[in-house]
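**Student:** Starting from these lines, generate the structure:
(one chain, ligands or ions: 1)
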Amino acid sequence: MPATLSDEGIVLRRRAFAEADRIFVIMTRDHGKVSCLARGVRRAKARNAAGLDVLARSQLLLIPGRNLFVLAQARPLGPAPSSTDPVRLGCAAVLAEAADGLLEDGHPDPDLYRLLCDSGERLLDSRSVPRVELAVAIFELAAQVGYLPGLERCVVCGRPLENLPGRFLPELGGIVQDGCASPAGLACGAAAIRVLRLLARGGGETARRLRWSPELLSEVERILVAHLEHRLDRRLRSAEVLAQLE
Ligand SMILES: [Zn+2]
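**Tutor:** Below you'll find the predicted structure:
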């Protein structure tokens with residue numbers, strides 16, 4: 001463990017520990033993902049509690065402890081994520097859980113850090129459509145870690161996908177179409193394929209201006225979650241919670 005660490009970071013995970021403490025998993029800008037113990041933050045009027053919500057960005061001072069860093073100071077940066085909307089907070093939780101699962105400890109990636117900060121701000125901004133922002137953010141994250149689904153060709157026969165419905169197979173990381181359509185996998189309509197391709201090409205701005213029907217949004221979201229869960233080899237608990245809110 002290095003000496004005292006001063007860096008900015010964004011909270012990916014937090015859990016209660018002992019009587020009044022929490023353990024945080026934080027993606028820092030210059031030191032990658034780190035865990036730290038924050039003593040007493042669950043007490044009312046705790047000094048460092050502000051700025052430690054999921055996807056909140058803070059300037060941090062961490063000091064080496066026995067097994068973990070200990071949080072000595074956290075100063076909120078950027079707009080305070082003040083949303084109380086359960087869907088917005090649910091979307092933030094899915095992005096944070098996905099990022100936590102995809103990132104390894106101690107690998108700095110300033111571009112990815114910036115992406116998480118921007119996505120977090122957008123998700124928690126009351127003017128955005130949170131589930132569209134989540135779809136855009138997950139695609140950007142997947143592109144950054146090199147885990148985009150296959151959207152140009154049928155993953156079984158290799159023929160180019162047409163403007164037709166298909167099915168998404170998480171274990172093959174893409175869409176089947178043509179005569180290969182199997183009963184397995186998730187339904188993926190022609191509109192969903194077009195939107196997924198748009199997102200894969202970095203078309204977040206265009207995607208935000210689209211008129212998303214609730215059905216299209218659910219279809220795209222289910223596919224993205226299944227794609228991530230296959231990579232992580234586990235369910236995304238926060239996605240199950242979000243699905244129950246819809
Ligand atoms: Zn095929």
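
**Student:** Show the subsequent helix or strand relative to the biggest helix by length in the chain.
**Tutor:** Counting by DSSP state H, the longest helix found in the chain is helix 214-232. Remark: after helix 214-232, the chain's next helix or strand is helix 237-245, criterion DSSP states H and E.

**Student:** Who are the packing partners of that next one?
**Tutor:** Packing partners of helix 237-245 (3 or more Cβ pairs under 8 Å, 6 or more residues apart in numbering; DSSP states H and E): helix 86-102. Where you see a C-beta, it was placed from the backbone N, CA and C, and this is true even at glycine.

**Student:** And the helix it packs on, how far out from the chain middle?
**Tutor:** 5 Å (Cα atoms, centre = their mean, to the nearest Å).

**Student:** Now it: buried residues?
**Tutor:** 88-102 (16 or more other Cβ atoms under 10 Å).

**Student:** and which of these is nearest Val70?
**Tutor:** Nearest to Val70 among the buried residues of helix 86-102: Asp100, at 20.2 Å, using Cβ to Cβ.

**Student:** quick one, helices of the chain?
**Tutor:** Using DSSP H, helices in the chain cover 86-102, 110-124, 130-144, 190-200, 204-209, 214-232, 237-245.

**Student:** To Leu77, which of those helices lies closest?
**Tutor:** In terms of Cβ to Cβ, the element of these nearest to Leu77 is helix 110-124, at 8.8 Å.

**Student:** Which residues does that closest one contact?
**Tutor:** Here helix 110-124 makes contact (Cβ atoms under 8 Å, 6 or more residues apart in numbering) with 10, 27-30, 55-57, 78-79, 81-83, 88, 91-92, 95-96, 99, 103, 128, 130, 133-134, 136-137, 140-141, 144-145.

**Student:** Sketch out the low-pLDDT regions of this protein for me.
**Tutor:** Filtered on pLDDT under 70, the chain yields the residue ranges 1-2, 50, 80-82, 181.

**Student:** Next one: the residue nearest the centre of the chain relative to the ion, how far apart?
**Tutor:** By Cα atoms, centre = their mean, the mean C-alpha position of the chain lies nearest to Leu95, the distance being 1.9 Å. Leu95 sits 32 Å away from the ion, going by Cβ to the ion, to the nearest Å.

**Student:** Identify the spatial nearest neighbour of that residue, chain neighbours not counted.
**Tutor:** Leaving aside its sequence neighbours, Leu95 sits nearest to Ala137 (Cβ to Cβ, 6 or more residues apart in numbering; 5.2 Å).
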